[in-house]
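Participant: Build me a model from this:
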Amino acid sequence: MILLNQGYVLLFFATLLVVFFILKKYQYSLRSLLPFKYIEKSITEDLLKQLYHVTSSQKTTDFKMLSGALKIPERKILKVVESMTQKGLILISDSHVTLTETGKNYALSIIRIHRLWEKYLSEKTGFDKSLWHDLAETKEHQLSEEETEALYEELGRPRFDPHGDPIPTALGEMISETGTSIVGIPKGTVAKIIHIEDEPKSIYRQIIKEKLHIGAHVKILTSENHHVIFESEGHSIQLSTVVASNIQVVLLNSQEVYEEGKVRLSSLIEGEHATILGISTECRGANRRRLLDLGFIKGTLLTLEYMGPNQNPRAYRLRNTLIALRNDQADFILIEKPQYDRTGSL
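Facilitator: Numbering: from 1, shown residues only. So this is what the prediction gives:
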């Protein structure tokens, strides 16, 4: 089983990543190097996923739209569609293409694999989140049903992928949270991010550049027609409504408290003290365990004692130990700085 040796999985993805960027540079598709049998399976499954998303949005589509969405020549689409029709996966009426029940179940099985692999990449590897989607797109065509179930168990039977999308069960069932776009929420509202849409990529990159993530608390400062300004983990963030519309939130429940003083450890300046409030939900797997093992535990007092060249890395003293962290690691640790009155006393 591929899951029994994480080293082989990481090597696979590293090799795939190199090939992906080489092909991208020279404008070749990964499919162009594969046998036709695999190409047909890959296109079939991509078509089923696309049709499922179209159907979920209560829209219709035709051959031309599918060709454009998947960036596959229409002649190739038509050949595969003919095969899919014979297999009872789709129906064609007046050039519009729709899923049968069999096709819908097949689509959900591919979506399940894709979202499980994104979850695996987020928790078990060090790949940047901007790469998760493309890497999962390739791997989703390769796993058997048995391997998929092993992956599901390995990850602790997750309900959601790292973007907040629900992961279908083996029976095709999905449990999802109902959120609302962050756009248009009244000023002063506090909420929690539950979903970040990862497509289109250009918009997704703008969101992750601000280090926003699932589970992060936000407080709306301004909501205008063209932009939204909100606070998250001590930072004021402004996004255009086009970008912000890809973020969904829910109001905090009665057990959740918005902590006004919560900021990222990377905001500390040399000589400042702080108390650790916890580790961000964005920090998962081995990275989270490492920070906990180093002593970054809720309630611990620490001091920033030294900043390296360009202020990165930085050395923090906690429990009489000096520990160096890069700023991207320190971003995962949430702290509260001491509050002083006007005389400088605590």
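
Participant: Wait, Glu140 touches Tyr120, no?
Facilitator: No. Contact criterion CB atoms under 8 Å: Glu140 and Tyr120 do not qualify, at 11.5 Å. All C-beta atoms are positioned from the backbone trio N, CA, C, and that covers glycine.

Participant: What are the buried residues along the helix ranked longest in the chain?
Facilitator: In terms of residue count, the longest helix belonging to the chain (DSSP state H) is helix 101-124. Neighbour counts over helix 101-124 (16 or more other CB atoms under 10 Å) mark 103-124 as buried.

Participant: Repeat that for stretch 134-152.
Facilitator: For stretch 134-152, the neighbour count (16+ other CB under 10 Å) marks Leu135, Ala136, Glu137, Thr138, Lys139, Glu140, His141, Leu143, Thr148, Ala150, Leu151, Tyr152 as buried.

Participant: which residues does the residue nearest to Leu301 when sequence neighbours are not counted bridge with?
Facilitator: With sequence-adjacent residues excluded and distances taken as CB to CB, 6 or more residues apart in numbering, Leu301 is closest to Thr275, at 5.7 Å. Beta-bridge pairing of Thr275 under DSSP bridges involves Leu301, Glu336.

Participant: average pLDDT for whichever helix or strand comes after the longest helix of the chain?
Facilitator: Toward the C-terminus, helix 101-124 is succeeded by helix 132-139 as the next helix or strand (DSSP states H and E). Averaged across helix 132-139, pLDDT comes to 88.

Participant: Kindly calculate the angle that helix 132-139 makes with helix 101-124.
Facilitator: Orientation of helix 132-139 against helix 101-124 (axes from the mean of the first three to the mean of the last three CA atoms, to 10 degrees) gives an angle of 130 degrees.

Participant: What is helix 132-139 packed up against?
Facilitator: Where contact means 3 or more CB pairs under 8 Å, 6 or more residues apart in numbering; DSSP states H and E, helix 132-139 is packed against helix 6-25, helix 101-124.

Participant: so where's this protein uncertain?
Facilitator: Counting by pLDDT under 70, the chain has low-confidence residues at 1-38, 177, 339-346.

Participant: quick one: the strands in it?
Facilitator: 90-93, 96-99, 180-181, 190-196, 217-223, 227-232, 235-240, 247-251, 262-264, 273-279, 301-307, 314-318, 321-325, 333-336 (DSSP state E).

Participant: Thanks a lot, see you next time.
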